[in-house]
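Enquirer: only the shape, not the letters, is given here:
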């Protein structure tokens with residue numbers, strides 16, 4: 001029969017870990033969730049901007065509310081609402097014709113159709129596939145700060 005050794009040191013480490021986790025209050029958890037939300041929004045913006053047509057640059061600037069900015073700086077200014085434990089951050093392009101480029105539209109004479117670019121849909125899909133990884137990395141980073 002294999003002997004595992006003295007478990008008292010493991011028990012002590014586990015108790016210390018448990019104490020640190022208990023120190024996380026609701027405010028710290030709220031800050032963590034908001035931080036992760038902004039990181040995910042930043043990733044969505046990165047892919048959306050990358051997939052946006054660059055004809056004049058106007059549509060690209062629309063992601064930043066009229067100014068060309070980095071995805072992380074745009075995400076910092078996005079509002080996050082919390083309702084019943086659900087956090088919502090809205091990523092949108094402020095240019096009036098952005099939805100026509102996103103989803104497609106009829107030509108001027110109405111006889112043809114221009115396919116949509118789906119820059120936001122594609123961006124959201126890419127980030128959705130990786131969101132669990134993003135969340136895990138951010139949570140680990142924040143927990144390292146707490147456990148120092």
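Expert: That came through, no problem. Small disclaimer: the values here were computed from a predicted structure and weren't measured.
Enquirer: and residue 126, how many neighbours?
Expert: Using other C-beta atoms under 10 Å, residue 126 has 17 other residues around it. (C-beta placed from N, C-alpha, C; glycine too.)
Enquirer: hang on, it packs against residue 48?
Expert: No. If you go by C-beta atoms under 8 Å, residue 126 and residue 48 don't touch, sitting 9.6 Å apart.
Enquirer: who's in contact with the most centrally placed residue in the chain?
Expert: Centre of the chain computed as the mean C-alpha position; nearest residue by C-alpha atoms, centre = their mean is residue 40, 1.0 Å away. Taking C-beta atoms under 8 Å, 6 or more residues apart in numbering, we find residue 40 in contact with 89, 127, 131, 134, 135.
Enquirer: if you rank these by neighbours, which is first?
Expert: Ranked by the number of neighbours (other C-beta under 10 Å), those place residue 127 first, at 21 neighbours.
Enquirer: and the gap between that residue and residue 91?
Expert: Distance from residue 127 to residue 91, counting by C-beta to C-beta, to the nearest Å: 10 Å.
Enquirer: kindly report the same for residue 33.
Expert: Noted for residue 33: a distance of 17 Å to residue 91, by C-beta to C-beta.
Enquirer: who has more neighbours, the two?
Expert: Neighbour count, other C-beta under 10 Å: between residue 33 and residue 91, residue 91 has more, with 20 against 17.
Enquirer: where does pLDDT dip in the chain?
Expert: 1-10, 23, 146-148 (pLDDT under 70).
Enquirer: could you point out the longest helix in it?
Expert: The helix spanning the most residues in the chain, taking DSSP state H as the definition, is helix 119-146.
Enquirer: in it, what counts as buried?
Expert: For helix 119-146, burial by neighbour count (16 or more other C-beta atoms under 10 Å) applies to 119, 120, 123, 124, 126, 127, 131, 135, 138, 142.
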